[in-house]
Every structure is written in structure tokens, then in C-alpha cells.
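> sequence below, structure please.
(2 chains)
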Amino acid sequence: MLTDEQIAALLAEPKRVVTDPLSSLRRKGAHLEATAKVAADSNADFRVVVRVSTVNPHNFSVILMHRPRGGVWLRLRRYNGRSHFHTNRLEGNRFYAYHIHTATERYAATGGADLESYAEATDRYADYRGAYRCLLRDCGFGGPGPDDGQLSLFPEEDE
Amino acid sequence: MSVEAIADAFRRSVGAQVELHAEGHHRYQVLTPFRYNDGDHLGVVLKQVAGRWQLTDEGSTLMRLSYDLDLADLQKGTRAVIIDGALDEYGLTAEDGVLSTTVEGDDFGNALYSFIQGLQRISAVKLLSRERVASTFGDDFRAALADWFDPSQWEERWHDPERDADGRYAVDYRLLVGSRPVFLFTLGNDTQARDATIALHQFERWHLGVPSVVVFADQATIARPVLARLSDVCDKQFSSLGGNEDRIPEYLRRLAA
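Sure thing, here's the model as predicted:
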């Protein structure tokens, strides 16, 4: 089981996206999807997964995943759109907003809960491109991601 | 408290947890108390399509499943049977990845009830994804073993050359730690666990006296009776490789001390 210290270290570890997932989105049913390989100095296994609904533009998920050696893929950080309610079971709060799931030790230790069950509402992004840029900033990718030239309708945190 | 009062309490409690939140013209986000393990509520939208009310997930259920599965895998085998069964049993349609049901007349309550059950049943196919763990476990363990010990110290798929020339009782790895041999089993499913148990029983009969260590891909996936029988004959178990990368070689080296 990962501790909070281990999770923080994995998030902070320097990483580089090998291929830009936003330029390789492919349609699968009612959503677009892409998976990007990630190179890390430690050679640890990471990948970035992107899912965007073709029905509801507010329904998307941009995920940093990590696979411990011999283990299964874990979701360390998930940047969700605003298409469903979320309840934090331990804290008891509920919201309907763009929100960021984060892996935590306390939820990993909670029976029936996923590692990344804890989430916080956010106003740092309003679409999947903004969510992807937030992931790059927050998770050791060293700054903003590829600039696709499009401006977000809503200002992001640092703008 | 009378049974009628209990039933009424159930209705009021459950009913109070269902809310409609307007999102534009004839479109509502339906809040229910039903959540996934990650705290996200089931994505349910009530909207009018061609003059009729429809409950739909707008593709969110399969999109969530795609985090862990290749959606092409949902169209074959056990998963396809489960999904087709859920669609049929709960009256859902699946079109281009979107799950929906049309409300008949004013029967909104039953429509919502059936829709949610259908979504939950379909979402449960994720639990069948564990076989993916076993597919990479063997390679991952071999790579880890090569990090811990020189390849000259271990032999893969070992069997006793004198007593078992046909290799009926094989060990995944025979490791030499110092001058002491250790049997390593890497197990990903019940069948492998049973085979290991049979082999270890045979080694007991032959009085080989070699310590045995089992490393599971995921011990939680092994049936309890199978695990119990294996526990009687193996010396040490590790529930997984991940998280035990330091403990396993440390234990193996202590055996030689």
C-alpha cells in the first residue's frame, strides 16, 4: 500500500511525456481516448490517460497512472470534468463541479474505496486541455504542456 | 415501529436522496445516492428526446470502464455475456457507447431503478480485469529476480532430474542463495496454486528439505480453500511483488545465513 510520502514522491518525480496524448485522441464509441507513454528518470512506469466524451464536453478525465513493478496500474491523480456528483466518503462533503481526484493513504486503507477516492472541487480549468495542462504542472512534468494555440474561454489559475 | 412505518421510512429516506438539477432546456442531472468506489456518483441524465423522457448515461459508464479495460474486450467472452444480459434484463439500449432507457408513461421511478441497476451490473465487468495482472507478472518477477541475484544463481522451471525426469512436479525457480537451494513459486491463479501445492506435497514425500517461497501476482484473487491447502505446505508467502521488492530478496538472503 502506498503511503502519502510515497505518493507525493511519485507525483513530484521528474517526468516527460513521450507522445502528446491530445494530438492522438481516437474515437471509441461515445468518447475520444488516448494513452501517452511517460519517461521518468527513475525508469518507473507512468502513463497519462485522456478520455473526452463526444456527447458532453464537460465530461472528461485526464489521469496520471503509475504501475509498481509486478503490480497493477494505479491512478495517482485524475482531473475530472463537471458531469457527475462526487462525495468524499470520509469527509462527508458532496459537490457537482470540475474536480481533481488524488491518491491518498487514508482512502487506500479504507475498505471498498479506491486509492484516488478523495477529490477536491476546482476552478483551475474548464475543459480537458486545461485539465491536461494542470496535470503537467502538478505532476513533475516541468511546466505547461504543448500549446495548441486555442484559448480557454475561462482564465486558468496562473493567468 | 410497525412494518408500514418502516417501509415508509425507507421510502422517505431513499426518495429524499434523489434530486434533479436542471442543466438547460428539458435536461436534468439526476443525483442518486449510488456511487462508485472512488466516490463519483453514477452519471445519470434525464432529458427529453423527440418528445419522450429518456434516462441516459451519455457514454460515461463505458468511458469509465475504458480506464482499466480495452473496450474491444467488452464485445467478447464473459464480459459480453454480462453486458448483454444487463441490457436485456433492465431494458437498456446501447448505441454508440451510450446507455439509455425510455421512460414509459409516468413510470419514472421504476425506470430510474432499472436504469441504475443496469449501470451497476455493467460497471461490475471491471472486476474481471484482474487477469491482466497475471499476464505481466511473470515477466516482471523475472526482471526483479535478475536485479536481486545473478542469473547464474537460479534455474527456471526446475524439476528433480532423478525422481521426476518428466517434469511433472516443476518449480518456477530453483535459486541458490549461498550454497543453499530455495524453491520459488510465482502464482497468478488458482490452477497454478494447486499445481504448486501438489508439487510441494511430493517434495515432502521425497524429503527434499528445500525451503519454499511463494510470490503471488495478487493473493486476494486466490480462492480461500486453495490458499489454505497451499499454506500448509509452503514456508513463506508474499501477497504480491509490488511493495515487497525489498522484503523478498532480504528474506531469501536470510535463508542462507
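
> can you name the residues that contact the residue in chain B that chain A sits nearest to?
Residue nearest to chain A within chain B (C-beta to the nearest C-beta): B:Gly97, separated by 2.4 Å. Quick note: C-beta positions are derived from backbone N, CA and C, even for glycine. For B:Gly97, the contacting residues are A:28-31, B:59, B:62-63, B:71, by C-beta atoms under 8 Å, 6 or more residues apart in numbering or on different chains.

> need phi/psi at it.
phi 90, psi 0 (degrees, to the nearest 10).

> which residues in the stretch 51-200 of chain B form strands?
In the stretch 51-200 of chain B, the strands defined using DSSP state E, counting those that start in this stretch lie at B:52-56, B:93-95, B:98-102, B:154-158, B:171-177, B:180-187.

> what does chain A give?
For chain A, strands defined by DSSP state E occupy the ranges A:15-17, A:26-28, A:31-40, A:45-53, A:60-67, A:74-80, A:86-87, A:94-95, A:99-102, A:118-121.

> partners of the third one in the sheet?
The partner list of strand A:31-40 in its sheet, established with DSSP bridges, is strand A:15-17 (antiparallel), strand A:26-28 (antiparallel), strand A:45-53 (antiparallel).

> including mean pLDDT and mean neighbour count, could these go into a markdown table?
Below are those laid out as a markdown table (pLDDT from 0 to 100; neighbours: other C-beta atoms under 10 Å in any protein chain shown):
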| stretch | mean pLDDT | mean neighbour count |
| --- | --- | --- |
| strand A:15-17 | 94 | 18 |
| strand A:26-28 | 93 | 13 |
| strand A:45-53 | 95 | 23 |
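
> quick check: B:Glu204 touching B:Cys234?
No: counting by C-beta atoms under 8 Å, B:Glu204 stays clear of B:Cys234, with 10.7 Å between them.

> before we move on, back to that, got TSV for the strands of the stretch 51-200 of chain B, with distance to B:Glu245 and mean neighbour count too?
Shown next, in TSV, are those (distance: least, C-beta to C-beta, whole Å; neighbours: other C-beta atoms under 10 Å in any protein chain shown):
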stretch	distance to B:Glu245	mean neighbour count
strand B:52-56	45	18
strand B:93-95	42	15
strand B:98-102	41	20
strand B:154-158	17	15
strand B:171-177	16	21
strand B:180-187	14	21
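
> can I get those strands in CSV with mean pLDDT?
Formatted as CSV, the strands of the stretch 51-200 of chain B follow (pLDDT from 0 to 100):
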stretch, mean pLDDT
strand B:52-56, 96
strand B:93-95, 95
strand B:98-102, 97
strand B:154-158, 92
strand B:171-177, 94
strand B:180-187, 94
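
> need the ones you listed in CSV (columns: distance to B:Val45).
Below are these laid out as CSV (distance: least, C-beta to C-beta, whole Å):
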stretch, distance to B:Val45
strand B:52-56, 5
strand B:93-95, 15
strand B:98-102, 9
strand B:154-158, 54
strand B:171-177, 50
strand B:180-187, 44
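
> so which of those strands is nearest A:Ala113?
Judged by C-beta to C-beta, the one of the strands of the stretch 51-200 of chain B that comes nearest to A:Ala113 is strand B:98-102, at 24.8 Å.

> distance between that closest one and the chain's centre?
Relative to the centre of its chain, strand B:98-102 is centred 27 Å away, using C-alpha atoms, centre = their mean, to the nearest Å.

> same thing with stretch A:88-101?
15 Å.

> any bit of it sitting next to chain B?
Yes: counting by C-beta under 8 Å from any C-beta of the partner chain, contacts between stretch A:88-101 and chain B involve A:88-89, A:96, A:101.
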